[in-house]
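Enquirer: build me a model from this:
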Amino acid sequence: MSTQPKLRVLCLHGYRQCDQSFRQKTGSTRKLVKSLADFEFVNGPHSVAVDEHLPTSRAWWFSNAGAMSFSSREQTYVVVGFDESVEAVVKFIEENGPFDGLLGFSQGASMVHLLIAKAQLGEIKLPGIRFAIFFSGFLSLSSTHDYLTSLRIKDFPSLHVFGDADEIVARPKSEKLADQFEVPPLRIAHDGGHLVPAMSKHKEKIAGFMKEQLDNIITA
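Expert: A predicted model of the protein is given here:
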């Protein structure tokens, strides 16, 4: 009896999160598509100095070099630690892949977009990566990333989930990220804030998206 093929998706957490906390936050979403995909989680390489009760807080890069902090609203040229994070994700994929897709939340979603753009330009290799899922995604405001954020992403299916009550990454910012993809993206709005929402209301949409990606890979 043959085993049903599944997608493998690599997940990137948000700022001040870690692989384990993000695994918990995505539990309900992963459960909806457990027959279609397996999810793995990678840790950002940079520690965030928050407090002793949150020793596992991580980041993909910092927008403030003095405070070693990050804000999605901060317009700057600073991207401390970004190159190291790119190397870390590429290495993780090389050692633990292949993966079929990437999933990110907030800063992790922005990181996913930047990785895809760098791969499209030939700066890095993301073997096997064919689609992406973004929760509360946004375009990096760092001028250092301008050449990446201005790039139109070609031949790359994407799913974008955003909250109408998100006060950290407002819906228009997530919509602007979705607009960079030439393949018409699937957009799902929810009435919550800055979080990975329970997706049961949208089960058919997200499962349909995942099944389409799986079918594309099987028939390729």
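Enquirer: how far away is residue 46 from residue 64?
Expert: 13 Å (C-beta to C-beta, to the nearest Å). All C-beta atoms are positioned from the backbone trio N, CA, C, and that covers glycine.
Enquirer: out of the two, which sits in the more crowded spot?
Expert: Each of residue 46 and residue 64 has its neighbours counted (other C-beta atoms under 10 Å); residue 46 has more, 20 against 13.
Enquirer: what are the phi and psi values for that one?
Expert: The phi and psi values for residue 46, taken as degrees, to the nearest 10, are phi -110, psi 130.
Enquirer: so how far is residue 117 from it?
Expert: Relative to residue 117, residue 46 is positioned 21 Å away (C-beta to C-beta).
Enquirer: likewise for residue 16?
Expert: 24 Å.
Enquirer: counting neighbours, go ahead and name the busier of those two.
Expert: Between residue 16 and residue 117, counted using other C-beta under 10 Å, residue 117 has the larger neighbour count: 22 against 18.
Enquirer: any weak-confidence spans in this protein?
Expert: 1-2, 50-55 (pLDDT under 70).
Enquirer: isn't residue 119 right up against residue 125?
Expert: Yes. In terms of C-beta atoms under 8 Å, residue 119 counts as a neighbour of residue 125; the distance is 6.6 Å.
Enquirer: more neighbours: these two, which one.
Expert: residue 119 (17 against 12).
Enquirer: in which helix or strand does the more buried one reside?
Expert: helix 107-120 (DSSP states H and E).
Enquirer: after that helix comes which helix or strand?
Expert: Sequence-wise, the next helix or strand downstream of helix 107-120 (DSSP H and E) is strand 131-135.
Enquirer: between that following strand and helix 107-120, how big is the angle?
Expert: Here strand 131-135 runs at an angle of 150 degrees relative to helix 107-120 (axes from the mean of the first three to the mean of the last three C-alpha atoms, to 10 degrees).
Enquirer: what is strand 131-135 packed up against?
Expert: Packing partners of strand 131-135 (3 or more C-beta pairs under 8 Å, 6 or more residues apart in numbering; DSSP states H and E): strand 101-105, helix 107-120, strand 158-163, helix 171-178.
Enquirer: can you list the strands that the third one pairs with?
Expert: Spelled out, it's strand 158-163. Strand 158-163 sits in its sheet next to strand 131-135 (parallel), strand 186-190 (parallel), going by DSSP bridges.
Enquirer: how about residue 139, nearest residue that isn't a chain neighbour?
Expert: residue 149 (4.5 Å; C-beta to C-beta, 6 or more residues apart in numbering).
Enquirer: in TSV, list the strands paired with strand 158-163 along with mean neighbour count and distance to residue 33.
Expert: Below are those laid out as TSV (neighbours: other C-beta atoms under 10 Å; distance: least, C-beta to C-beta, whole Å):
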stretch	mean neighbour count	distance to residue 33
strand 131-135	27	10
strand 186-190	18	13
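Enquirer: tell me which residues of stretch 12-22 come out buried.
Expert: 12-19, 21-22 (16 or more other C-beta atoms under 10 Å).
Enquirer: looking at those, which is nearest residue 89?
Expert: Closest approach between the buried residues of stretch 12-22 and residue 89, by C-beta to C-beta: residue 12, at 7.3 Å.
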